[in-house]
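**Student:** Sharing a model prediction with you, sequence too.
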Amino acid sequence: MKISIRSKLILAISTLMVVLFSIASYLFISEKQTELAQDIYVNSLAFSRLTSSSVSYSYDLYLAQNSFVYFNRELASIFDQNDDISRIKVVSYDGEILYDSALDVDAKYTGEPRFVDKNTLDQIHSENIAVQLKDSAAVFLKTDLRGDVYFVDKDEHKIEPIKEGALIDYFMVPSSEKYSIYYGLDYRNLEDRVARMRMRIIYLALFGIMLGMMMSLYMSTKITKPVAKLVAGAEGIARGDFKTRVDIQTSDELNFLGQAFNHMAEELEASMQARLYQERKMTELKLASKIQDQLIPDNVPVIDGLDLAAQVRPAGEIGGDIYDFLSLGDKRLLFYLGDVTGHGIPAGIISSIANALFFGYALEADLKKILVNVNRVMKAKTMPTMFMTLCLMDWDAVTKKFNYASAGHEQLVHFKAATGKSELEPAGGIALGMLPDISKTVTVNEVNFQVGDFLVVYSDGIPEAWKNEKETYGMERLQQIIEKCGQLKTAEEIMNAIIADVDAFRAGYEQMDDITILVIKRV
(Lines give C-alpha, C1' and ligand atoms only; values in the text may rest on other atoms or scores of the structure.)
Protein backbone atom coordinates (compact mmCIF):
# COMPACT_ATOMS: atom_id res chain seq x y z
CA MET A 1 0.00 0.00 0.00
CA LYS A 2 1.36 3.40 -1.04
CA ILE A 3 1.51 6.07 1.70
CA SER A 4 1.46 9.68 0.60
CA ILE A 5 3.95 12.29 1.77
CA ARG A 6 1.11 14.13 3.48
CA SER A 7 0.17 11.04 5.51
CA LYS A 8 3.80 10.44 6.49
CA LEU A 9 4.24 14.00 7.69
CA ILE A 10 1.04 13.91 9.72
CA LEU A 11 2.01 10.59 11.35
CA ALA A 12 5.59 11.67 12.13
CA ILE A 13 4.73 15.09 13.58
CA SER A 14 1.76 13.76 15.59
CA THR A 15 3.94 11.00 17.08
CA LEU A 16 6.65 13.51 17.94
CA MET A 17 4.11 15.82 19.61
CA VAL A 18 2.71 12.94 21.70
CA VAL A 19 6.18 11.88 22.89
CA LEU A 20 7.32 15.42 23.68
CA PHE A 21 4.13 16.35 25.53
CA SER A 22 4.22 13.10 27.53
CA ILE A 23 7.82 13.65 28.68
CA ALA A 24 7.33 17.33 29.38
CA SER A 25 4.07 16.69 31.25
CA TYR A 26 5.64 14.02 33.48
CA LEU A 27 8.61 16.23 34.36
CA PHE A 28 6.45 19.30 34.93
CA ILE A 29 3.93 17.52 37.17
CA SER A 30 6.67 15.85 39.20
CA GLU A 31 8.47 19.14 39.72
CA LYS A 32 5.27 20.99 40.57
CA GLN A 33 4.15 18.28 43.00
CA THR A 34 7.48 18.50 44.80
CA GLU A 35 7.25 22.30 44.89
CA LEU A 36 3.71 22.27 46.28
CA ALA A 37 4.57 19.63 48.88
CA GLN A 38 7.57 21.69 49.98
CA ASP A 39 5.37 24.79 50.28
CA ILE A 40 2.92 22.85 52.44
CA TYR A 41 5.78 21.65 54.66
CA VAL A 42 7.30 25.12 55.10
CA ASN A 43 3.97 26.88 55.64
CA SER A 44 2.59 24.23 58.00
CA LEU A 45 5.81 24.17 60.05
CA ALA A 46 5.75 27.94 60.43
CA PHE A 47 2.02 27.79 61.24
CA SER A 48 2.52 25.12 63.92
CA ARG A 49 5.31 27.13 65.56
CA LEU A 50 3.21 30.25 65.50
CA THR A 51 0.00 28.77 66.91
CA SER A 52 1.18 26.09 69.34
CA SER A 53 1.37 28.49 72.27
CA SER A 54 -2.13 29.78 71.44
CA VAL A 55 -3.51 26.24 71.49
CA SER A 56 -1.90 25.54 74.87
CA TYR A 57 -3.11 28.81 76.29
CA SER A 58 -6.67 28.19 75.02
CA TYR A 59 -6.62 24.69 76.51
CA ASP A 60 -5.65 25.97 79.97
CA LEU A 61 -8.08 28.88 79.73
CA TYR A 62 -11.12 27.02 78.41
CA LEU A 63 -11.00 23.24 78.01
CA ALA A 64 -9.20 22.60 81.29
CA GLN A 65 -12.04 24.59 82.89
CA ASN A 66 -14.64 22.50 81.00
CA SER A 67 -15.50 25.36 78.62
CA PHE A 68 -15.53 23.18 75.48
CA VAL A 69 -17.60 25.60 73.37
CA TYR A 70 -15.13 28.47 73.77
CA PHE A 71 -12.14 26.20 73.23
CA ASN A 72 -13.71 24.68 70.13
CA ARG A 73 -14.36 28.16 68.75
CA GLU A 74 -10.70 29.12 69.23
CA LEU A 75 -9.56 25.92 67.50
CA ALA A 76 -11.93 26.56 64.59
CA SER A 77 -10.39 29.99 64.02
CA ILE A 78 -6.94 28.37 63.98
CA PHE A 79 -8.04 25.73 61.47
CA ASP A 80 -9.43 28.48 59.23
CA GLN A 81 -5.94 29.96 58.87
CA ASN A 82 -4.42 26.88 57.20
CA ASP A 83 -6.30 24.44 54.94
CA ASP A 84 -3.46 21.91 55.04
CA ILE A 85 -3.77 21.21 58.80
CA SER A 86 -6.44 18.54 59.27
CA ARG A 87 -6.00 17.51 62.91
CA ILE A 88 -4.79 19.01 66.18
CA LYS A 89 -4.13 17.15 69.44
CA VAL A 90 -3.13 18.44 72.83
CA VAL A 91 -0.88 15.86 74.53
CA SER A 92 0.48 16.05 78.06
CA TYR A 93 4.12 15.38 78.95
CA ASP A 94 3.26 11.84 80.16
CA GLY A 95 1.64 11.03 76.78
CA GLU A 96 -2.04 11.43 77.63
CA ILE A 97 -4.16 12.77 74.78
CA LEU A 98 -6.13 15.58 76.41
CA TYR A 99 -7.85 16.73 73.22
CA ASP A 100 -8.21 15.33 69.69
CA SER A 101 -9.98 17.54 67.12
CA ALA A 102 -10.92 14.53 65.00
CA LEU A 103 -12.69 12.73 67.89
CA ASP A 104 -13.70 15.39 70.40
CA VAL A 105 -16.16 17.15 68.11
CA ASP A 106 -19.21 17.86 70.29
CA ALA A 107 -17.92 17.77 73.85
CA LYS A 108 -14.86 17.30 76.02
CA TYR A 109 -13.65 13.70 76.21
CA THR A 110 -14.57 12.11 79.58
CA GLY A 111 -13.81 8.42 79.04
CA GLU A 112 -10.81 6.33 79.98
CA PRO A 113 -7.46 8.17 79.57
CA ARG A 114 -6.00 7.96 76.06
CA PHE A 115 -2.25 7.62 75.57
CA VAL A 116 0.11 7.83 72.60
CA ASP A 117 2.44 4.98 71.63
CA LYS A 118 6.07 4.74 72.76
CA ASN A 119 7.58 6.31 69.60
CA THR A 120 5.26 9.30 69.87
CA LEU A 121 6.05 9.57 73.61
CA ASP A 122 9.76 9.89 72.71
CA GLN A 123 8.83 12.77 70.41
CA ILE A 124 6.88 14.47 73.22
CA HIS A 125 9.82 14.18 75.63
CA SER A 126 12.16 15.81 73.11
CA GLU A 127 12.83 19.53 73.41
CA ASN A 128 12.81 19.78 69.61
CA ILE A 129 9.99 19.84 67.07
CA ALA A 130 9.34 16.31 65.79
CA VAL A 131 8.64 15.87 62.07
CA GLN A 132 6.99 12.52 61.36
CA LEU A 133 7.44 11.52 57.70
CA LYS A 134 4.85 9.37 55.97
CA ASP A 135 7.33 6.84 54.63
CA SER A 136 10.10 6.79 57.31
CA ALA A 137 10.93 7.51 60.91
CA ALA A 138 10.55 10.84 62.62
CA VAL A 139 13.28 13.48 62.57
CA PHE A 140 13.72 16.51 64.79
CA LEU A 141 14.37 20.19 64.18
CA LYS A 142 16.97 21.59 66.56
CA THR A 143 17.88 25.25 67.04
CA ASP A 144 21.34 26.03 68.44
CA LEU A 145 22.38 29.06 70.47
CA ARG A 146 23.17 31.08 67.32
CA GLY A 147 19.66 30.51 65.98
CA ASP A 148 20.73 28.04 63.25
CA VAL A 149 18.19 25.26 62.57
CA TYR A 150 19.21 21.75 61.49
CA PHE A 151 17.87 18.19 61.58
CA VAL A 152 18.80 15.63 64.24
CA ASP A 153 17.67 12.10 65.11
CA LYS A 154 16.07 11.15 68.43
CA ASP A 155 19.53 10.94 70.01
CA GLU A 156 20.27 14.48 68.78
CA HIS A 157 22.90 13.37 66.25
CA LYS A 158 22.99 15.73 63.28
CA ILE A 159 21.54 14.19 60.11
CA GLU A 160 20.93 15.21 56.50
CA PRO A 161 17.89 17.44 55.85
CA ILE A 162 14.77 15.67 54.70
CA LYS A 163 14.29 15.39 50.94
CA GLU A 164 12.60 18.40 49.34
CA GLY A 165 8.93 17.68 48.76
CA ALA A 166 8.81 14.80 51.27
CA LEU A 167 5.30 14.12 52.58
CA ILE A 168 4.77 14.82 56.29
CA ASP A 169 2.37 12.89 58.51
CA TYR A 170 2.42 15.31 61.44
CA PHE A 171 4.45 17.78 63.50
CA MET A 172 4.82 17.39 67.30
CA VAL A 173 5.58 20.84 68.69
CA PRO A 174 6.66 21.37 72.35
CA SER A 175 4.42 24.16 73.51
CA SER A 176 5.11 24.44 77.22
CA GLU A 177 6.45 22.38 80.09
CA LYS A 178 3.08 20.61 80.27
CA TYR A 179 1.94 20.10 76.69
CA SER A 180 3.01 19.24 73.19
CA ILE A 181 0.75 20.06 70.23
CA TYR A 182 0.20 17.53 67.43
CA TYR A 183 -0.50 18.98 63.95
CA GLY A 184 -1.70 16.43 61.39
CA LEU A 185 -1.26 17.35 57.71
CA ASP A 186 -3.74 16.74 54.92
CA TYR A 187 -2.58 16.65 51.27
CA ARG A 188 -6.01 16.65 49.64
CA ASN A 189 -5.49 20.23 48.39
CA LEU A 190 -2.22 19.13 46.80
CA GLU A 191 -3.88 16.13 45.15
CA ASP A 192 -6.73 18.27 43.83
CA ARG A 193 -4.34 20.81 42.33
CA VAL A 194 -2.23 18.09 40.71
CA ALA A 195 -5.38 16.47 39.28
CA ARG A 196 -6.51 19.77 37.79
CA MET A 197 -3.02 20.29 36.41
CA ARG A 198 -3.10 16.89 34.72
CA MET A 199 -6.42 17.73 33.06
CA ARG A 200 -5.08 21.04 31.76
CA ILE A 201 -2.00 19.29 30.38
CA ILE A 202 -4.19 16.67 28.68
CA TYR A 203 -6.20 19.43 27.01
CA LEU A 204 -2.99 21.19 26.01
CA ALA A 205 -1.59 17.93 24.62
CA LEU A 206 -4.70 17.38 22.53
CA PHE A 207 -4.45 20.91 21.23
CA GLY A 208 -0.76 20.36 20.47
CA ILE A 209 -1.51 17.18 18.55
CA MET A 210 -4.19 18.92 16.53
CA LEU A 211 -1.79 21.81 15.89
CA GLY A 212 0.87 19.33 14.80
CA MET A 213 -1.52 17.69 12.37
CA MET A 214 -2.40 21.10 10.95
CA MET A 215 1.28 22.00 10.61
CA SER A 216 2.07 18.74 8.87
CA LEU A 217 -0.86 19.22 6.52
CA TYR A 218 0.38 22.72 5.75
CA MET A 219 3.95 21.53 5.12
CA SER A 220 2.82 18.73 2.85
CA THR A 221 0.72 21.18 0.91
CA LYS A 222 3.76 23.43 0.48
CA ILE A 223 5.69 20.51 -0.93
CA THR A 224 3.14 18.80 -3.18
CA LYS A 225 0.79 21.43 -4.52
CA PRO A 226 2.54 24.49 -6.00
CA VAL A 227 1.95 23.32 -9.55
CA ALA A 228 -1.67 22.38 -8.80
CA LYS A 229 -2.23 25.89 -7.45
CA LEU A 230 -0.96 27.45 -10.66
CA VAL A 231 -3.26 25.23 -12.74
CA ALA A 232 -6.27 26.05 -10.54
CA GLY A 233 -5.43 29.75 -10.65
CA ALA A 234 -5.20 29.73 -14.45
CA GLU A 235 -8.61 28.04 -14.62
CA GLY A 236 -10.07 30.73 -12.31
CA ILE A 237 -8.77 33.54 -14.50
CA ALA A 238 -10.12 31.77 -17.59
CA ARG A 239 -13.58 31.78 -15.98
CA GLY A 240 -13.34 35.53 -15.38
CA ASP A 241 -12.56 35.29 -11.63
CA PHE A 242 -9.93 38.03 -11.43
CA LYS A 243 -9.74 37.71 -7.64
CA THR A 244 -7.89 34.43 -8.04
CA ARG A 245 -4.47 34.34 -6.37
CA VAL A 246 -1.90 31.63 -5.89
CA ASP A 247 0.20 31.31 -2.75
CA ILE A 248 3.56 29.70 -3.59
CA GLN A 249 6.26 30.16 -0.94
CA THR A 250 9.27 28.39 -2.43
CA SER A 251 12.80 29.51 -3.34
CA ASP A 252 12.80 28.37 -6.95
CA GLU A 253 11.35 29.28 -10.35
CA LEU A 254 7.84 28.27 -9.23
CA ASN A 255 7.90 31.12 -6.73
CA PHE A 256 8.80 33.61 -9.49
CA LEU A 257 6.06 32.22 -11.72
CA GLY A 258 3.54 32.50 -8.88
CA GLN A 259 4.48 36.15 -8.29
CA ALA A 260 4.06 36.96 -11.99
CA PHE A 261 0.65 35.23 -11.98
CA ASN A 262 -0.51 37.18 -8.92
CA HIS A 263 0.63 40.48 -10.41
CA MET A 264 -1.42 39.79 -13.54
CA ALA A 265 -4.50 38.91 -11.46
CA GLU A 266 -4.00 41.99 -9.28
CA GLU A 267 -4.03 44.29 -12.29
CA LEU A 268 -7.23 42.69 -13.55
CA GLU A 269 -8.91 43.07 -10.18
CA ALA A 270 -7.99 46.73 -9.62
CA SER A 271 -11.23 48.06 -11.09
CA MET A 272 -13.31 46.06 -8.58
CA GLN A 273 -11.19 46.55 -5.48
CA ALA A 274 -12.79 49.72 -4.13
CA ARG A 275 -16.31 48.30 -4.16
CA LEU A 276 -15.28 45.01 -2.57
CA TYR A 277 -13.32 46.85 0.13
CA GLN A 278 -16.30 48.97 1.04
CA GLU A 279 -18.57 45.93 1.31
CA ARG A 280 -16.07 44.15 3.53
CA LYS A 281 -15.68 47.17 5.77
CA MET A 282 -19.44 47.41 6.32
CA THR A 283 -19.64 43.70 7.13
CA GLU A 284 -16.85 43.96 9.68
CA LEU A 285 -18.44 47.02 11.25
CA LYS A 286 -21.74 45.20 11.70
CA LEU A 287 -19.95 42.22 13.21
CA ALA A 288 -18.04 44.48 15.64
CA SER A 289 -21.32 46.13 16.63
CA LYS A 290 -22.90 42.74 17.25
CA ILE A 291 -19.95 41.64 19.38
CA GLN A 292 -20.16 44.81 21.49
CA ASP A 293 -23.92 44.35 21.94
CA GLN A 294 -23.17 40.99 23.53
CA LEU A 295 -21.04 42.72 26.19
CA ILE A 296 -24.05 44.69 27.43
CA PRO A 297 -26.18 42.67 29.91
CA ASP A 298 -29.53 41.53 28.49
CA ASN A 299 -31.23 42.02 31.85
CA VAL A 300 -30.43 43.82 35.06
CA PRO A 301 -29.94 41.52 38.04
CA VAL A 302 -32.37 41.16 40.95
CA ILE A 303 -30.87 41.76 44.41
CA ASP A 304 -32.37 42.57 47.79
CA GLY A 305 -32.65 46.28 48.55
CA LEU A 306 -32.16 47.67 45.04
CA ASP A 307 -34.22 48.33 41.92
CA LEU A 308 -31.94 48.74 38.90
CA ALA A 309 -32.36 50.05 35.36
CA ALA A 310 -29.72 50.74 32.71
CA GLN A 311 -29.45 51.73 29.06
CA VAL A 312 -26.69 52.52 26.57
CA ARG A 313 -27.23 54.37 23.30
CA PRO A 314 -24.08 54.59 21.13
CA ALA A 315 -23.57 57.62 18.90
CA GLY A 316 -22.52 55.37 16.00
CA GLU A 317 -22.35 51.71 15.07
CA ILE A 318 -19.69 51.20 17.73
CA GLY A 319 -19.70 53.04 21.05
CA GLY A 320 -17.22 53.60 23.83
CA ASP A 321 -19.68 53.49 26.75
CA ILE A 322 -20.26 50.32 28.71
CA TYR A 323 -21.82 49.02 31.90
CA ASP A 324 -22.05 45.61 33.54
CA PHE A 325 -23.18 43.80 36.69
CA LEU A 326 -20.87 41.33 38.45
CA SER A 327 -22.56 39.16 41.05
CA LEU A 328 -20.51 38.10 44.09
CA GLY A 329 -23.04 35.64 45.46
CA ASP A 330 -26.72 36.19 46.27
CA LYS A 331 -26.16 39.15 48.59
CA ARG A 332 -23.43 41.22 46.94
CA LEU A 333 -23.23 42.98 43.61
CA LEU A 334 -20.47 44.89 41.84
CA PHE A 335 -21.46 47.08 38.92
CA TYR A 336 -19.89 49.83 36.89
CA LEU A 337 -20.44 52.40 34.19
CA GLY A 338 -17.55 53.55 32.01
CA ASP A 339 -16.94 56.03 29.20
CA VAL A 340 -14.00 55.73 26.76
CA THR A 341 -12.74 58.89 25.11
CA GLY A 342 -14.54 59.34 21.79
CA HIS A 343 -16.53 56.62 20.08
CA GLY A 344 -16.25 54.29 17.13
CA ILE A 345 -14.16 51.15 16.70
CA PRO A 346 -11.11 52.23 18.83
CA ALA A 347 -13.38 53.17 21.74
CA GLY A 348 -15.32 49.93 21.32
CA ILE A 349 -12.12 47.89 21.52
CA ILE A 350 -11.04 49.68 24.71
CA SER A 351 -14.46 49.13 26.31
CA SER A 352 -14.30 45.43 25.39
CA ILE A 353 -10.87 45.12 27.00
CA ALA A 354 -12.13 46.88 30.14
CA ASN A 355 -15.17 44.59 30.30
CA ALA A 356 -12.94 41.51 30.27
CA LEU A 357 -10.57 42.99 32.88
CA PHE A 358 -13.35 43.86 35.33
CA PHE A 359 -14.82 40.38 34.91
CA GLY A 360 -11.42 38.85 35.68
CA TYR A 361 -10.64 41.05 38.71
CA ALA A 362 -14.16 41.08 40.21
CA LEU A 363 -13.29 38.39 42.76
CA GLU A 364 -10.91 40.88 44.44
CA ALA A 365 -14.15 42.43 45.83
CA ASP A 366 -12.10 45.50 46.82
CA LEU A 367 -13.06 48.52 44.69
CA LYS A 368 -9.68 50.21 44.95
CA LYS A 369 -7.70 47.09 44.10
CA ILE A 370 -9.93 46.37 41.13
CA LEU A 371 -9.47 49.87 39.68
CA VAL A 372 -5.70 49.83 40.31
CA ASN A 373 -5.30 46.43 38.61
CA VAL A 374 -7.50 47.31 35.63
CA ASN A 375 -5.66 50.61 35.16
CA ARG A 376 -2.29 48.88 35.27
CA VAL A 377 -3.24 46.53 32.42
CA MET A 378 -4.97 49.22 30.35
CA LYS A 379 -1.97 51.54 30.63
CA ALA A 380 0.35 48.77 29.46
CA LYS A 381 -1.86 47.33 26.70
CA THR A 382 -3.71 50.27 25.14
CA MET A 383 -2.74 53.37 23.17
CA PRO A 384 -1.46 56.31 25.27
CA THR A 385 -4.13 58.57 23.76
CA MET A 386 -7.08 56.37 24.84
CA PHE A 387 -8.53 56.77 28.34
CA MET A 388 -11.61 55.62 30.17
CA THR A 389 -13.49 57.32 32.98
CA LEU A 390 -15.44 54.92 35.16
CA CYS A 391 -17.55 54.66 38.30
CA LEU A 392 -17.28 51.30 40.11
CA MET A 393 -19.98 50.52 42.68
CA ASP A 394 -20.60 47.88 45.34
CA TRP A 395 -23.89 46.96 47.07
CA ASP A 396 -23.97 44.64 50.09
CA ALA A 397 -27.53 43.42 50.62
CA VAL A 398 -26.69 42.13 54.11
CA THR A 399 -25.21 45.31 55.59
CA LYS A 400 -27.23 47.60 53.25
CA LYS A 401 -24.05 49.52 52.41
CA PHE A 402 -23.43 51.20 49.07
CA ASN A 403 -19.86 52.15 48.19
CA TYR A 404 -18.34 53.54 45.02
CA ALA A 405 -14.98 54.58 43.64
CA SER A 406 -14.55 57.03 40.76
CA ALA A 407 -11.84 57.01 38.13
CA GLY A 408 -12.30 60.57 36.85
CA HIS A 409 -15.98 59.93 36.07
CA GLU A 410 -18.95 62.30 36.22
CA GLN A 411 -20.38 62.91 39.72
CA LEU A 412 -23.20 60.66 40.88
CA VAL A 413 -26.51 62.47 41.37
CA HIS A 414 -28.15 61.41 44.63
CA PHE A 415 -31.88 62.08 45.00
CA LYS A 416 -32.89 62.10 48.68
CA ALA A 417 -36.50 61.17 49.31
CA ALA A 418 -36.49 62.87 52.69
CA THR A 419 -35.83 66.32 51.20
CA GLY A 420 -37.00 65.87 47.62
CA LYS A 421 -33.70 67.37 46.43
CA SER A 422 -30.81 66.04 44.39
CA GLU A 423 -27.19 66.32 45.46
CA LEU A 424 -23.88 65.55 43.76
CA GLU A 425 -21.80 62.89 45.45
CA PRO A 426 -18.00 63.49 45.62
CA ALA A 427 -16.06 62.79 42.44
CA GLY A 428 -12.34 62.15 42.21
CA GLY A 429 -9.71 59.87 40.78
CA ILE A 430 -8.14 59.94 37.34
CA ALA A 431 -9.19 58.23 34.13
CA LEU A 432 -8.03 54.65 33.59
CA GLY A 433 -5.05 54.30 31.25
CA MET A 434 -3.50 57.72 31.90
CA LEU A 435 -0.93 56.81 34.59
CA PRO A 436 0.76 53.48 35.39
CA ASP A 437 -0.33 53.65 39.06
CA ILE A 438 -3.50 55.39 40.31
CA SER A 439 -3.53 53.89 43.80
CA LYS A 440 -2.96 57.30 45.42
CA THR A 441 -5.85 58.91 43.55
CA VAL A 442 -8.55 56.28 44.14
CA THR A 443 -10.93 56.87 47.04
CA VAL A 444 -13.74 54.56 48.09
CA ASN A 445 -16.81 56.54 49.21
CA GLU A 446 -19.85 55.32 51.12
CA VAL A 447 -23.27 56.73 50.24
CA ASN A 448 -25.90 57.24 52.94
CA PHE A 449 -28.46 55.38 50.85
CA GLN A 450 -31.92 55.43 52.45
CA VAL A 451 -35.10 53.68 51.34
CA GLY A 452 -36.78 55.79 48.65
CA ASP A 453 -33.50 57.42 47.55
CA PHE A 454 -32.07 56.81 44.11
CA LEU A 455 -28.74 57.40 42.39
CA VAL A 456 -28.22 58.35 38.75
CA VAL A 457 -24.92 57.34 37.15
CA TYR A 458 -24.36 58.56 33.59
CA SER A 459 -21.82 59.20 30.87
CA ASP A 460 -20.96 62.72 29.72
CA GLY A 461 -23.14 62.16 26.65
CA ILE A 462 -26.11 63.33 28.75
CA PRO A 463 -24.93 66.69 30.19
CA GLU A 464 -23.07 67.36 26.90
CA ALA A 465 -26.02 66.52 24.64
CA TRP A 466 -26.34 69.31 22.03
CA LYS A 467 -29.52 71.16 21.15
CA ASN A 468 -27.69 73.24 18.56
CA GLU A 469 -24.12 74.36 17.94
CA LYS A 470 -24.08 76.51 21.09
CA GLU A 471 -26.30 74.99 23.80
CA THR A 472 -25.86 71.73 25.74
CA TYR A 473 -28.16 69.94 28.17
CA GLY A 474 -26.05 70.65 31.25
CA MET A 475 -26.04 69.47 34.86
CA GLU A 476 -28.66 71.94 36.01
CA ARG A 477 -31.31 70.47 33.70
CA LEU A 478 -30.27 66.97 34.70
CA GLN A 479 -30.76 67.69 38.42
CA GLN A 480 -34.09 69.36 37.71
CA ILE A 481 -35.51 66.36 35.84
CA ILE A 482 -34.15 64.03 38.54
CA GLU A 483 -36.02 65.96 41.22
CA LYS A 484 -39.19 65.81 39.10
CA CYS A 485 -38.80 62.02 38.99
CA GLY A 486 -38.79 61.74 42.78
CA GLN A 487 -42.37 60.41 42.89
CA LEU A 488 -41.85 57.71 40.25
CA LYS A 489 -41.97 54.21 41.68
CA THR A 490 -39.42 52.22 39.68
CA ALA A 491 -35.88 52.74 38.46
CA GLU A 492 -36.99 52.02 34.90
CA GLU A 493 -39.63 54.76 35.00
CA ILE A 494 -37.00 57.22 36.28
CA MET A 495 -34.51 56.19 33.58
CA ASN A 496 -37.10 56.49 30.80
CA ALA A 497 -38.19 59.93 32.04
CA ILE A 498 -34.60 61.23 32.04
CA ILE A 499 -33.86 59.84 28.56
CA ALA A 500 -37.12 61.29 27.25
CA ASP A 501 -36.21 64.71 28.64
CA VAL A 502 -32.78 64.58 26.98
CA ASP A 503 -34.35 63.58 23.66
CA ALA A 504 -36.91 66.37 23.94
CA PHE A 505 -34.10 68.86 24.57
CA ARG A 506 -32.09 67.65 21.56
CA ALA A 507 -35.19 67.89 19.33
CA GLY A 508 -33.64 65.69 16.67
CA TYR A 509 -30.18 67.31 16.71
CA GLU A 510 -27.35 64.88 15.90
CA GLN A 511 -26.18 62.76 18.84
CA MET A 512 -22.49 63.64 19.16
CA ASP A 513 -21.49 61.21 21.91
CA ASP A 514 -22.60 57.92 23.44
CA ILE A 515 -25.38 58.21 26.03
CA THR A 516 -25.41 55.76 28.94
CA ILE A 517 -27.42 55.89 32.17
CA LEU A 518 -27.77 53.68 35.24
CA VAL A 519 -30.50 54.30 37.84
CA ILE A 520 -30.18 52.67 41.28
CA LYS A 521 -33.24 52.98 43.53
CA ARG A 522 -33.19 51.92 47.20
CA VAL A 523 -36.25 49.84 48.08
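**Tutor:** Done, it's in. Numbering: from 1, shown residues only.

**Student:** any idea which helix or strand carries Ala45?
**Tutor:** Not quite, residue 45 is Leu, not Ala. Taking DSSP states H and E as the definition, one finds Leu45 inside helix 5-61.

**Student:** Would you mind identifying the next helix or strand past that helix?
**Tutor:** Towards the C-terminus, the helix or strand next in line after helix 5-61, according to DSSP H and E, is helix 68-79.

**Student:** In terms of secondary structure, what does that following helix contact?
**Tutor:** Packed against helix 68-79, as judged by 3 or more Cβ pairs under 8 Å, 6 or more residues apart in numbering; DSSP states H and E, are the following elements: helix 5-61, strand 85-92. Any C-beta I mention is one placed from the backbone N, CA and C, and that applies to glycine too.

**Student:** Go again with 6 Å.
**Tutor:** Counting contacts by 3 or more Cβ pairs under 6 Å, 6 or more residues apart in numbering; DSSP states H and E, helix 68-79 is packed against helix 5-61.

**Student:** Show me where the stretch 401-523 of the chain has its strands.
**Tutor:** The residue ranges that make up the strands of the stretch 401-523 of the chain, judged by DSSP state E, counting those that start in this stretch, are 401-407, 413-416, 421-424, 444-447, 454-458, 515-522.

**Student:** residue contacts, Trp395?
**Tutor:** 306, 333, 402 (Cβ atoms under 6 Å, 6 or more residues apart in numbering).

**Student:** Now it. Nearest residue, chain neighbours left out?
**Tutor:** Counting by Cβ to Cβ, 6 or more residues apart in numbering, the nearest residue to Trp395 once its immediate chain neighbours are dropped is Leu333, at 4.9 Å.

**Student:** List the buried residues for the helix or strand that neighbour falls within?
**Tutor:** Taking DSSP H and E as the criterion, Leu333 maps to strand 332-340. If you call a residue buried by 16 or more other Cβ atoms under 10 Å, then strand 332-340 has these buried ones: 332-340.

**Student:** Tabulate those residues (a markdown table), appending pLDDT and distance to Ala102.
**Tutor:** Compiled in a markdown table, those are given as follows (pLDDT from 0 to 100; distance: Cβ to Cβ, whole Å):
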| residue | pLDDT | distance to Ala102 |
| --- | --- | --- |
| Arg332 | 93 | 34 |
| Leu333 | 94 | 39 |
| Leu334 | 95 | 39 |
| Phe335 | 94 | 44 |
| Tyr336 | 95 | 46 |
| Leu337 | 95 | 51 |
| Gly338 | 93 | 51 |
| Asp339 | 92 | 57 |
| Val340 | 90 | 56 |
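
**Student:** The stretch 251-400 of the chain: helices as residue ranges?
**Tutor:** In order along the chain, the stretch 251-400 of the chain carries the following helices (DSSP state H, counting those that start in this stretch): 253-295, 345-361, 367-381.

**Student:** still on that earlier bit, what about the residue nearest to Trp395, distance to Gly258?
**Tutor:** In this structure, Leu333 lies at 59 Å from Gly258, with Cβ to Cβ, to the nearest Å as the measure.

**Student:** do the same with Ser77
**Tutor:** From Ser77 to Gly258 the distance is 74 Å (Cβ to Cβ).

**Student:** higher neighbour count, these two?
**Tutor:** Per other Cβ atoms under 10 Å, whichever of Ser77 and Gly258 has more neighbours is Gly258, with 20 against 11.

**Student:** Quick check, the more buried one in contact with Arg245.
**Tutor:** No - under the contact definition of Cβ atoms under 6 Å, Gly258 does not touch Arg245, with a separation of 9.0 Å.
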